[in-house]
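Trainee: Any chance you can model this:
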Amino acid sequence: MIDIETAELSILGSILLTQGRVLEDLDFAPTDYRHPTFEFIHRTMREMKQSGKPIDPLTVMDTLMKSGQKVDPAILHKAVDVTPTAASVNHYAAIVTDHATMRRLHTAASKVQTMVNDGGDADEIMEQARKEIDGAQSKAKSAPVQFVPDTMETTVNFLDSEITFTPTPWPSLNQIIDGLKPGALYVIGARPSVGKSVVGLQLARGMAEHGSVAFVSLEMSTNDVNIRLMAADLKIDMRKLMRHELDATDWAKIGEWVQKNDLPLAINDNTGSSITDIKRFVRNVHRRKPLAGVVVDYLQLMAQQPGDNRPRHEFVADLSRQLKIMAMELDVPVVALSQLNRGSTAREDQRPKISDLRESGAVEQDADVVILLHREIDSEKRYEIDMLVGKNRNGPTGATSMEFLGYWASIRDKGKS
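Mentor: Modelled structure (predicted):
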């Protein structure tokens, strides 16, 4: 069995013996070396290769000396001497990578044990433990190379399976996007007060017919969300509910509705929620009942962790990417509401464009579907709302116009009762 030091030296020796050619196909992260000096030598030779410089013990030693880093010249000669054959470099790299993973796992386990001993929120510790374990995986691990014939059977089986779109509440929109697809990220963009929260809640209500839904409300309290659900389901004017001006008939409707209501819609109204908090909440909902979807209202209100000094647009870009990854990992649709900037209000045609998405163009890149909402609030058309499908990764774009029933906190296709 090759010991770890010999394996590490053999990687360096293979690079030297081949004048750097093995670097072209070597799947290895220099951070996996146990010895920092070996990592430095490896990085130096990789930089020399990228610059087109010759690689041999003399040229490498000369470059190391010019860098100011103290390196024992005997290391390079020893690396060449102990290397059985450069043809086995990937085998040596696998040994080093496995040892590095075990070291990181040991460190991660120690950190988790310390967190457990210190006490605290169990869910938070669980989330941090997952991060530590995930971080133990070597960055060099990559998927096996597969050519088209290797993957075709999987694709044929996929084509033979049933597509499981969850229909939205609006048939006219389904005709454009088919519905909500598991693993996809849907971004709903609108200016303030146009109706994005109404759309988000109505989508959540529809997905809850197929399983549990995690509704992250960073703008409304749980009471606000429940009141909107009552208004939509019971056809009670929102103003009466918000002003607490309910008559006996209203109370009778509410009483019956509360008794029969078994909607598996979980609401998180913690305004300081971070992406970590949201992931933990979503997993907890899924444990109670299999998840059908997630709604986040809305992206720009999500909190940055203390010490996160990234520009806001970079932070929002990372959020959209994390939400897309979550959709794929949980295999459910994720709906993210997003505010638009003022760009549309300055144009003669005030209908929004994808470029109006606020704070990050990456939101558009990560989204499978982008739906922009347009409503002329201060005109006689205030009871109409347009849903503009500006991006549809796997289908057509288009638009549909609907009735906006703000007093019932709902939207419906025109002509529907």
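Trainee: How many residues are close by G68?
Mentor: By other CB atoms under 10 Å, 6 other residues sit near G68. Heads up, the C-betas are built off the backbone N, CA and C, glycines and all.
Trainee: Show me how far the lowest-mean-pLDDT helix or strand in the chain is from its chain's centre.
Mentor: For the chain, counting by mean pLDDT, DSSP states H and E, helix 122-135 ranks last in confidence among helices and strands (a mean of 75). On the basis of CA atoms, centre = their mean, to the nearest Å, helix 122-135 sits 17 Å off its chain's mean C-alpha point.
Trainee: What's the first helix or strand after it?
Mentor: Using DSSP states H and E, the next helix or strand after helix 122-135 towards the C-terminus is helix 148-159.
Trainee: what's the pLDDT at S344?
Mentor: On the pLDDT scale, S344 is placed at 63.
Trainee: what does K416 give?
Mentor: So, for K416, pLDDT stands at 64.
Trainee: Likewise for D160?
Mentor: 84.
Trainee: helices or strands next to the least confident helix or strand of the chain in the packing?
Mentor: helix 89-118, helix 275-288 (3 or more CB pairs under 8 Å, 6 or more residues apart in numbering; DSSP states H and E).
Trainee: Residues contacting that helix, please?
Mentor: If you take CB atoms under 8 Å, 6 or more residues apart in numbering as the criterion, helix 122-135 is touched by R104, L105, A108, K111, V112, M115, V116, T276, K279, R280, N284.
Trainee: Report the backbone C-alpha coordinates of that helix in PDB.
Mentor: These are the backbone C-alpha positions of helix 122-135, laid out as PDB (Å, rounded to 0.1, in the frame of the first residue of the first chain):
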ATOM      1  CA  ALA A 122     -31.300  21.700  16.900                       C
ATOM      2  CA  ASP A 123     -32.500  22.700  13.400                       C
ATOM      3  CA  GLU A 124     -29.700  25.300  13.100                       C
ATOM      4  CA  ILE A 125     -27.100  22.800  14.300                       C
ATOM      5  CA  MET A 126     -28.400  20.300  11.700                       C
ATOM      6  CA  GLU A 127     -28.200  22.800   8.900                       C
ATOM      7  CA  GLN A 128     -24.600  23.800   9.900                       C
ATOM      8  CA  ALA A 129     -23.700  20.100  10.200                       C
ATOM      9  CA  ARG A 130     -24.900  19.500   6.600                       C
ATOM     10  CA  LYS A 131     -22.700  22.400   5.500                       C
ATOM     11  CA  GLU A 132     -19.700  21.000   7.200                       C
ATOM     12  CA  ILE A 133     -20.200  17.500   5.800                       C
ATOM     13  CA  ASP A 134     -20.800  18.900   2.300                       C
ATOM     14  CA  GLY A 135     -17.700  21.000   2.600                       C
END
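Trainee: Of all the residues in it, which ones are buried?
Mentor: E127, Q128, A129, E132 (16 or more other CB atoms under 10 Å).
Trainee: I'd like to know how far the residue nearest the centre of the chain sits from A214.
Mentor: By CA atoms, centre = their mean, the mean C-alpha position of the chain lies nearest to Q322, the distance being 1.9 Å. From Q322 across to A214, the span is 14 Å (CB to CB, to the nearest Å).
Trainee: Just the CA trace of the host helix or strand of T249, in PDB.
Mentor: Taking DSSP H and E as the criterion, T249 maps to helix 248-260. Written as PDB, here are the backbone C-alpha positions of helix 248-260 (Å, rounded to 0.1, in the frame of the first residue of the first chain):
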ATOM      1  CA  ALA A 248     -73.100  37.900  11.400                       C
ATOM      2  CA  THR A 249     -73.100  36.400   7.900                       C
ATOM      3  CA  ASP A 250     -69.400  36.900   7.500                       C
ATOM      4  CA  TRP A 251     -68.700  35.400  10.900                       C
ATOM      5  CA  ALA A 252     -70.800  32.300  10.000                       C
ATOM      6  CA  LYS A 253     -68.800  31.800   6.800                       C
ATOM      7  CA  ILE A 254     -65.500  32.200   8.700                       C
ATOM      8  CA  GLY A 255     -66.500  29.800  11.400                       C
ATOM      9  CA  GLU A 256     -67.500  27.100   8.900                       C
ATOM     10  CA  TRP A 257     -64.400  27.700   6.800                       C
ATOM     11  CA  VAL A 258     -62.000  27.400   9.800                       C
ATOM     12  CA  GLN A 259     -63.600  24.100  10.900                       C
ATOM     13  CA  LYS A 260     -63.300  22.500   7.500                       C
END
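Trainee: switch to numbering from 38
Mentor: Got it, the first residue is 38 from now on, which makes the last one we talked about helix 285-297.
Trainee: Pull the residues that contact it.
Mentor: Contacts for helix 285-297 (CB under 8 Å, 6+ apart): M267, D270, L271, I273, K277, L283.
Trainee: again, but for stretch 426-441
Mentor: 207, 209-210, 212-215, 218, 221, 232, 235, 390-391, 401, 404-409, 412, 419-425, 448-451, 453.
Trainee: Return a PyMOL selection command for the buried portion of these.
Mentor: Selection of the buried residues among the contacts of stretch 426-441 in PyMOL, burial being defined by 16+ other CB under 10 Å:
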select buried, resi 207+209+210+213+214+215+218+221+232+235+391+401+404+405+406+407+408+409+412+422+423+424+425+448+449
